[in-house]
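Q: build me a model from this:
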Amino acid sequence: MLDGKARAARPDLRERGRRSVAGTSCGIRGGMCHDTYSAHQGVEHDDINVLVLGSRVIGVKLAEELVKAFLGAKFTNEERHVRRLGKVKALEAKLRRI
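A: Residues are numbered from 1 along each chain as shown. The predicted structure follows:
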């Protein structure tokens with residue numbers, strides 16, 4: 001847990017798609033990342049809180065680098081990113097009412 005926010009890293013056993021099952025649950029924003037830029041940018045711009053790693057394409061050393069980049073990143077709170085996150089949260093609220 002960082003700054004009161006829970007984050008998780010997990011291997012993606014499917015090896016396909018951009019998000020895990022966690023990415024379809026309200027409040028859980030998962031992002032599949034194969035490079036350090038995507039790992040930190042996903043947190044900074046999209047506030048992802050689950051890092052998904054392709055278990056067949058990511059080696060141990062790269063996985064360690066990705067987890068460090070993911071855990072070391074913080075959401076920027078820039079207006080455009082806050083607006084984007086607001087849209088995601090609005091969709092989640094609609095899904096909860098269904």
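
Q: phi first, then psi, for residue 73.
A: When read as degrees, to the nearest 10, the backbone of residue 73 gives phi -90, psi 150.

Q: that one reaches residue 40, doesn't it?
A: Yes: between residue 73 and residue 40 there is a contact under Cβ atoms under 8 Å: 3.9 Å. Where you see a C-beta, it was placed from the backbone N, CA and C, and this is true even at glycine.

Q: Three-state assignment for the spatially most central residue of the chain, please.
A: Ranked by distance to the mean C-alpha position of the chain (Cα atoms, centre = their mean), the top residue is residue 48 at 2.9 Å. The local conformation at residue 48, judged by DSSP: H, G, I helix; E, B strand; the rest coil, is coil.

Q: hmm, who's touching the longest helix anywhere in the chain?
A: Assignment by DSSP state H gives helix 79-97 as the longest helix of the chain. With contact meaning Cβ atoms under 8 Å, 6 or more residues apart in numbering, helix 79-97 is reached by 26-27, 29, 44-47, 75.

Q: let's see 6 Å
A: Residues from elsewhere that reach helix 79-97, judged by Cβ atoms under 6 Å, 6 or more residues apart in numbering: 26, 45, 47.

Q: could you count how many residues lie near the second one?
A: This points to residue 45. 16 (other Cβ atoms under 10 Å).

Q: quick one: the helices in the chain, in order.
A: Along the chain, counting by DSSP H, helices occupy 36-46, 60-72, 79-97.

Q: pick the most buried one from these.
A: With neighbours defined as mean count of other Cβ atoms under 10 Å, the helices of the chain peak in mean count at helix 36-46, which reaches a mean of 18.

Q: distance from the chain centre to that helix, please.
A: Relative to its parent chain, helix 36-46 has a centroid offset of 8 Å by Cα atoms, centre = their mean, to the nearest Å.

Q: so, low pLDDT: which residues of this structure?
A: Filtered on pLDDT under 70, the chain yields the residue ranges 1-25.

Q: how close does residue 47 get to residue 35?
A: The gap separating residue 47 from residue 35 is 19 Å, by Cβ to Cβ, to the nearest Å.

Q: quick one, which of these two is more surrounded?
A: The neighbour comparison of residue 47 against residue 35 (other Cβ under 10 Å) goes to residue 47, with 21 against 13.
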